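K.L.:
here is a sequence together with a model predicted from it:
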Amino acid sequence: IVLRGGEKVHPEHIEDLIRELDEVAEVMVIGDDCKNIYALINKIDEEIDDKLISKKISEVCSDLAIFQKPKGILALPPFNPDDGTLTPTLKIRRKNIWERSGNEINAFLKAHKEI
C-alpha cells in the first residue's frame, strides 16, 4: 500500500496484529492513495461495539509508526471461501472483497474525506 504522502505500508504485519484480537475474525487493511490506512474487519460477534474494537486495535498497533496505525474500522459481512473473498486456505482475496463491498468501502472512505 502506498499512501498519498509516499509512505509504503506492508499490510500483512498490521493485519496479523489485528487478527490476534479475540473480537476480530478477519481483517483487510486498505489505504492505497489515501492519507491514512483503515481496517476492514469481520467481527466474531456482531454485538461487539466498534469503539471497543477500535480501542483494542490502537493498543495492539501502539508500537507501529503513526502512518501504519489504522485511523478507522469498517465492519463488513464475513469473508468466506464460498463467495470468493477467502481462498480455500483462508487467505483474503483483496480484489474480490472490493468487488463485493466496494460501494460500502467507498462510502466509508468518502466519510473519512479520502475520496
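P.N.:
That came through, no problem.
K.L.:
what comes up buried for the helix ranked longest in the chain?
P.N.:
Scanning the chain for the helix with the most residues, using DSSP state H, yields helix 94-111. Judged by neighbour count using 16 or more other Cβ atoms under 10 Å, the buried positions of helix 94-111 are 97, 100, 101, 105, 108, 109. Where C-beta positions appear, they are placed from N, C-alpha and C, glycine not excepted.
K.L.:
which members of those define the maximum pairwise distance?
P.N.:
Maximum pairwise distance among those (Cβ to Cβ): 15.8 Å, between 100 and 109.
K.L.:
and the most centrally placed residue in the chain, which of the three is it?
P.N.:
With distances taken as Cα atoms, centre = their mean, residue 39 lies nearest the centre of the chain, 2.1 Å away. With DSSP: H, G, I helix; E, B strand; the rest coil as the basis, residue 39 sits in strand.
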